[in-house]
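Colleague: have a look at this prediction, sequence included:
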Amino acid sequence: MVRQPLSLALALGTVLALPALAQDQADTEPVASETLTVKETIDPGPNIFSNAQQWGGASSIQVWSAEDLTYKGNMTAGAMAQMLISPDGTKAYGQSTYMARYTHGDIEQVLEVYDVETLSIEKEIPLPAKAAMVAAYEPYLEMSADGALVYVLNATPATSVTIVDVEAGEVVQEIPTPGCFGIYPALEGYKFSTVCGDGSIATFDLGEDGSEAERSATADIFDPDENPIFIAGKRVEDALAFLTYNGDLITLDDSGEAVELLDTVSITDGVEEAWAPGGYDLFTYSPTAGVLFVTMHSEPYDGSHKNASEEIWAYDVERDEVLYRTHVEGVISVTATDAEAPMLYAVNEHEATIEMFSTDPEAKFVLKHEGSVDSRGWATVIAVAQ
């Protein structure tokens, strides 16, 4: 018996099946065509934002529901993007780098202004090609108290700050900040401070249009050799607050001409084992509750300051007391709502997720895990808009 090649047998089988296939198609209702649509706006409700920063391509500002972590969409940005969200959550800003050739050649840097409701770019403002190309942190892109000016951190590696008039869509000036890093705007006016490598904090007081700047400095705020501070700075009531590598909470008054030290307390006093803060955007404060939430790790050592959490501590600022230590592994950045029982949102580096926790004031603000979702990229900054 002569065997037919397998390919020929399959072909013959297909031909023999064609009449039946044609009959089946004739008896079937025609398939209605599908019209693809795009939602004009994202779903309503409070949002959280994460900066999915990329170094080998486009970054994106991710938008999630603060109620249940439903993904709402994203706003695309360039490489090594920094993220800033307006206090009311209606505008987002991205400082982006666009490279014609990744290995050499020119770069283009811009400040992109987004409408959050439609996830669309409203404006693109050219910047001097000096913006710091580093991992994302909140103090690298900030705004004045009234939102009129945006401040962009530069590093060439010489440090400076670019002042941008958002309404006019143009750069006003560049302010040299030698030896200093980070931007911390005052609660009123157009002044900002910056942390310097010698342990001092410099302050620059701008004119209303951002075109003038007067510098003042305060020395001996922290010891950069024995107990340096994390670049993440937060508001604790009206004070500007920082955490040190050893676990000290430093509060400053930046309302005057120069920054003044208010207080230094250790959040690890009375703890038998060795613990220290660690992470990126590693602490957050909820004013109504009066509680600071800090990502902490055990057995700290020189160089462990970016270690992800093993616990998140709830710290009562007024009473100078750690209320509760919740076991939470892998968290590097946190943000909290302003409420009597605040919600806490976190970036988990180990699991590559965005996490949501509720808190219980009756149980000393213990955290209860309420959900998680794929973070859709590596993030070090997370923000909430209520």
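Modeller: That came through fine. Numbers count the residues shown, from 1 in each chain.

Colleague: out of the helices and strands in this structure, which is least certain?
Modeller: helix 6-26 (a mean of 46; mean pLDDT, DSSP states H and E).

Colleague: and the helix or strand following that helix, which strands flank it?
Modeller: Next along the chain after helix 6-26, taking DSSP states H and E as the criterion, comes strand 47-52. Strand pairing for strand 47-52, using DSSP bridges, gives strand 59-65 (antiparallel), strand 379-385 (antiparallel).

Colleague: who touches the last one?
Modeller: Put plainly, it is strand 379-385. Applying C-beta atoms under 8 Å, 6 or more residues apart in numbering, the contact partners of strand 379-385 are 46-53, 62, 66, 83, 85-89, 116, 135-138, 280-281, 332-337, 343, 345-347, 354. C-beta: built from backbone N, CA, C; applies to glycine.

Colleague: weed out the non-buried ones from the residues you listed.
Modeller: Listed as buried from the contacts of strand 379-385 are 47-53, 62, 66, 83, 85-86, 89, 116, 135-138, 280-281, 332-337, 343, 345-347, 354; burial here means 16 or more other C-beta atoms under 10 Å.

Colleague: I'd say Thr218 and Cys196 touch.
Modeller: No: judged on C-beta atoms under 8 Å, Thr218 makes no contact with Cys196 at a distance of 9.6 Å.

Colleague: next, the nearest residue to Ser216 once chain neighbours are set aside: secondary structure please.
Modeller: Using C-beta to C-beta, 6 or more residues apart in numbering and skipping residues adjacent in sequence, the residue nearest Ser216 is Ala258, 4.2 Å away. Three-state call for Ala258 (DSSP: H, G, I helix; E, B strand; the rest coil): coil.

Colleague: which residues touch Ala258?
Modeller: Going by C-beta under 8 Å, 6+ apart, Ala258 touches 203, 216-218.

Colleague: dump the strands paired with strand 47-52 to TSV, plus distance to Leu252 and mean pLDDT.
Modeller: Converted to TSV, the strands paired with strand 47-52 look like this (distance: least, C-beta to C-beta, whole Å; pLDDT from 0 to 100):
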stretch	distance to Leu252	mean pLDDT
strand 59-65	30	97
strand 379-385	22	95
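
Colleague: name the element Thr288 belongs to?
Modeller: Assigned by DSSP H and E, Thr288 falls outside every helix and strand.

Colleague: one more: the one 5 residues further on?
Modeller: Of the helices and strands defined by DSSP H and E, Phe293 is found in strand 291-298.
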